[in-house]
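**Student:** Build me a model:
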Amino acid sequence: LPLTMTTSRVILHVYDLSNGMAKTMSPMFLGKQIDGIWHTGIVAYGREWFFGGGILDDEAGRTPYGVPVEVHDLGETSIPRELFVEFLNEIRPRYKMESYHLLENNCNHFTNECANFLVGKSIPGHIHGLPAEVLGTPFGAMIKPYIDQMFSPQNWGTAMGPVQGGAPQAIPPQLANLMAGAGAGSVPSPFQMPSVPLPSQSPSPLPSLSVARAPQLRVQVNVPAAHRHASLSLPVLREQTDLIIFKQADVPTVFNKLRTFITEEKVPAGPGHDQLGALEKGLTDLSSKGGLGSLPVPPTLPGLVSHLMASLPTPKQFPVMDILRLVLLTEEGNAMYAQGGPSRDLARYIVAGNSPDPSRRAVQLLTLRAACNLFAWGTGRHHVLQQRAEGDILGAIIDAVVAGLHTNDRITRKVVASLCFDVALLLSSSQADMSDERLQLISALVNLKDVPGDRDEEVDLRHLQALATLMLGNDDMVLLATTLDIEAMLAMYSTSSSSRVALLAKEVTSLVA
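**Tutor:** Residues are numbered from 1 along each chain as shown. Next up, the predicted model:
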């Protein structure tokens, strides 16, 4: 899917699931007053996203939870909607019906994660910290087993909350006595989620950004016939022999967003500014034909890109990098940015992308994708391999990969994993001695055994494919990986719930056996 370059306000809608009861009853039960049992939804791009036994969305302010009792403006995001959608797809496995828990994995955990992704800040502490506040009281400790039972998988009956009909849950005697003593035996629990009508049909899966693979991107790693690796059957490893590039684009939207930012920031015209229209038309035509091809690129483009990157604030730089990503798919633009001053400019953009600054997230992702596209043409690949000096484009890319392998951002990890595979394939296919660069990547990949976090099949496959490619037919790299304790890493992957990852781990093990 093309990136839709629109900024959006990010709003937090807050609802009280107790309908005012928490404020009235909490002093009696908790010994302190809490103002509500909070449900939240995150509003962005004209929709309200919320977790109710699954990631759902609805028209902003029209969800089944009624009218919000609080509205918080969290700020503006420049992250394209499609990147947010991709983020939702990444976290979806952790926010499913069976994983919902009123106190430990609820809607507020979801919106807090979304808020941090979109604007780099958390939701208000009195909302996110409510479970800990409740559980910190004697009453909270008493009702926790009851809540755990209520939100166990067998007690779920809808996509929105626990079963409301049927046999009532057994209330612990201490709780029943306490409620009766307080004269509250007939009062619904303020911790009970409202019964909400189901949507008429299940929401369709969110679209996901994907990468393009073209036959002309195939790169051959030659293994000597006499080498023991040549006789191995490696079916999963051989599934991926093409470099990975990113071709999708909505070219007019990208250019329109850039023009809007230039106007808003009053950026003076740079070199070649008057040729943007012709470049837009050329990239639009090329995109309609698959994205890869020949296109005259104005020689002033590197100067214009440098001017815009220096003049626009960080959150508004991403259209510039997205245009550069598309230019790198042209044979002329690819050769232009693989050498000389433009190559050093691109290296500088990649280095800047390693910053943890949340405002850089959109431009960082597009810069990494642009780095993948630098390998789209043989001319570009050749020039990249010829530059080995400190501060060159290849060094910047490898440094970005090494840093990105350890990021906690799942979307960034996916792009970095693709770039890592591209670099591994490029290094391993080169006739030049790339031992230092291969060593650097192997060391970083083997050390992934110490990186915590949720596993992702695509990312794990790319990591293992990159590692295997770097060692294929090269005993020195096999020895290095063995010295670095690759067995521990492979043991981790061999127990993966993904059969393909586990099988590939066995194939990599055969390389070092």
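**Student:** Roughly how far does the closest residue to S443 other than its chain neighbours sit from L472?
**Tutor:** Spatial nearest neighbour of S443, chain neighbours left out: L484 (6.1 Å); criterion: C-beta to C-beta, 6 or more residues apart in numbering. No exception for glycine: its C-beta is placed from N, CA and C like everyone else's. Using C-beta to C-beta, to the nearest Å, L484 is found at 17 Å from L472.
**Student:** the more surrounded of those two?
**Tutor:** Neighbour count, other C-beta atoms under 10 Å: between L484 and L472, L472 has more, with 22 against 17.
**Student:** Give me the pLDDT value at the more buried one.
**Tutor:** For L472, the pLDDT comes out at 88.
**Student:** Quick one: residues contacting it.
**Tutor:** By C-beta atoms under 8 Å, 6 or more residues apart in numbering, the contact list for L472 reads V221, V223, H229, S428, L511.
**Student:** Top of the residues you listed by number of neighbours, please.
**Tutor:** Neighbour counts for these peak at S428, which has 24 neighbours (criterion: other C-beta under 10 Å).
**Student:** packing partners for whichever strand or helix holds that one?
**Tutor:** Per DSSP states H and E, S428 falls inside helix 410-429. Under the contact definition 3 or more C-beta pairs under 8 Å, 6 or more residues apart in numbering; DSSP states H and E, helix 410-429 sits against helix 81-91, helix 361-373, helix 378-386, helix 393-404, helix 435-446, helix 457-471.
**Student:** Pull the shortest one out as PDB, backbone CA atoms only.
**Tutor:** Going back to what we said before, that points to helix 378-386. What follows is helix 378-386, C-alpha atoms only, in PDB (Å, rounded to 0.1, in the frame of the first residue of the first chain):
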ATOM      1  CA  GLY A 378      24.000  -3.500 -10.300                       C
ATOM      2  CA  THR A 379      25.700  -0.200 -10.900                       C
ATOM      3  CA  GLY A 380      24.700   1.000  -7.400                       C
ATOM      4  CA  ARG A 381      25.800  -2.200  -5.800                       C
ATOM      5  CA  HIS A 382      29.200  -2.100  -7.500                       C
ATOM      6  CA  HIS A 383      29.900   1.500  -6.400                       C
ATOM      7  CA  VAL A 384      28.800   0.700  -2.800                       C
ATOM      8  CA  LEU A 385      31.200  -2.200  -2.600                       C
ATOM      9  CA  GLN A 386      34.000  -0.100  -3.900                       C
END
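**Student:** Need the residues that contact it.
**Tutor:** Identification of contacts with helix 378-386 by C-beta under 8 Å, 6+ apart yields 328, 331, 334-335, 337-339, 343, 374-375, 393-394, 397, 426, 430, 432, 434.
**Student:** Looking at that helix now, give me its mean pLDDT.
**Tutor:** The model assigns helix 378-386 a mean pLDDT of 79.
**Student:** Identify each buried residue in it, please.
**Tutor:** G380, R381, H383, V384, L385 (16 or more other C-beta atoms under 10 Å).
**Student:** Just name the shakiest helix or strand of the chain by mean pLDDT.
**Tutor:** Across the helices and strands of the chain, mean pLDDT, DSSP states H and E gives its lowest value to helix 173-181, namely a mean of 44.
**Student:** Quick one: name whatever helix or strand follows that helix.
**Tutor:** Following helix 173-181 toward the C-terminus (DSSP H and E): helix 251-264.
**Student:** elements contacting that next one?
**Tutor:** Under the contact criterion of 3+ C-beta pairs under 8 Å, 6+ apart, helix 251-264 touches helix 276-288, helix 318-327.
**Student:** quick one: that helix to helix 318-327, angle?
**Tutor:** Counting by axes from the mean of the first three to the mean of the last three C-alpha atoms, to 10 degrees, helix 251-264 lies at 140 degrees to helix 318-327.
**Student:** For the residue positioned nearest the centre of the chain, which residues are in contact?
**Tutor:** With distances taken as C-alpha atoms, centre = their mean, I411 lies nearest the centre of the chain, 1.7 Å away. Contact partners of I411, counting by C-beta under 8 Å, 6+ apart, are L83, E86, F87, E90, L365.
**Student:** thought the third one was touching F117?
**Tutor:** Yes - distance between F87 and F117: 5.4 Å, which falls inside the contact criterion (C-beta atoms under 8 Å).
**Student:** The two: who's more crowded?
**Tutor:** Using other C-beta under 10 Å as the criterion, F87 and F117 rank with F117 on top: 23 against 20.
**Student:** Pull the contacting residues for the more buried one.
**Tutor:** The contact partners of F117, by C-beta under 8 Å, 6+ apart, come to I79, F84, F87, R361.
**Student:** try 10 Å this time
**Tutor:** 10, 42, 77, 79, 83-84, 87-88, 90-91, 358, 361, 409-411 (C-beta atoms under 10 Å, 6 or more residues apart in numbering).
**Student:** ok, so of those, who is nearest V69?
**Tutor:** Taking C-beta to C-beta as the measure, I42 is the one of the contacts of F117 closest to V69, at 16.0 Å.
**Student:** beta partners of that closest one?
**Tutor:** L12, W49 (DSSP bridges).
**Student:** Who are the contact partners of it?
**Tutor:** For I42, the contacting residues are 10-13, 48-51, 57, 60, 74, 84, 107, 110-115, 117-118, 123, by C-beta under 10 Å, 6+ apart.
**Student:** With E437 instead?
**Tutor:** Neighbouring residues of E437 by C-beta under 10 Å, 6+ apart: L385, R388, L394, G395, I397, I398, V423, A424, L426, L427, S430, L470.
**Student:** I'd like to know how far it sits from H72.
**Tutor:** E437 sits 48 Å away from H72, going by C-beta to C-beta.
**Student:** try T379
**Tutor:** The value you get for T379 to H72, if C-beta to C-beta is used, is 52 Å.
**Student:** what do you get for N474?
**Tutor:** Distance from N474 to H72, by C-beta to C-beta: 55 Å.
**Student:** E113 now?
**Tutor:** From E113 across to H72, the span is 16 Å (C-beta to C-beta).
**Student:** same check, this time on F117
**Tutor:** Distance from F117 to H72, by C-beta to C-beta: 16 Å.
**Student:** burial of D57, as a residue count?
**Tutor:** For D57, the neighbour count with other C-beta under 10 Å is 20.
**Student:** what's the angle from the helix holding S428 to helix 457-471?
**Tutor:** 20 degrees.
**Student:** Quick one: mean pLDDT for helix 410-429?
**Tutor:** For helix 410-429, mean pLDDT is 89.
**Student:** likewise stretch 227-234?
**Tutor:** If you average the pLDDT over stretch 227-234, you get 86.
**Student:** Report how far apart the opening and closing residues of that stretch are.
**Tutor:** 14 Å (C-alpha to C-alpha, to the nearest Å).
**Student:** contact partners of that stretch?
**Tutor:** The contact list for stretch 227-234 (C-beta under 10 Å, 6+ apart) reads 221-225, 468, 471-475, 478, 503-504, 506-508, 510-511, 513.
**Student:** and that stretch, how far from the chain's centre?
**Tutor:** 35 Å (C-alpha atoms, centre = their mean, to the nearest Å).
**Student:** Can you list the buried residues in it?
**Tutor:** Buried residues in stretch 227-234, counted by 16+ other C-beta under 10 Å: H229, L234.
**Student:** again with stretch 312-321
**Tutor:** Buried residues in stretch 312-321 (16+ other C-beta under 10 Å): L312, T314, P315, K316, Q317, F318, P319, V320, M321.
**Student:** Please apply the same query to stretch 393-413.
**Tutor:** Here stretch 393-413 shows 393-398, 400-405, 407, 409-413 as buried, counting by 16+ other C-beta under 10 Å.
**Student:** What is the end-to-end distance of that stretch?
**Tutor:** Start-to-end span of stretch 393-413 (C-alpha to C-alpha) is 20 Å.
**Student:** How far away from the center of its chain is that stretch?
**Tutor:** In terms of C-alpha atoms, centre = their mean, the centre of stretch 393-413 is found 13 Å from the chain centre.
**Student:** Repeat that for stretch 62-78.
**Tutor:** Centre-to-centre, stretch 62-78 and its host chain are 23 Å apart (C-alpha atoms, centre = their mean).
**Student:** I'm done for today, thanks for sticking with me.
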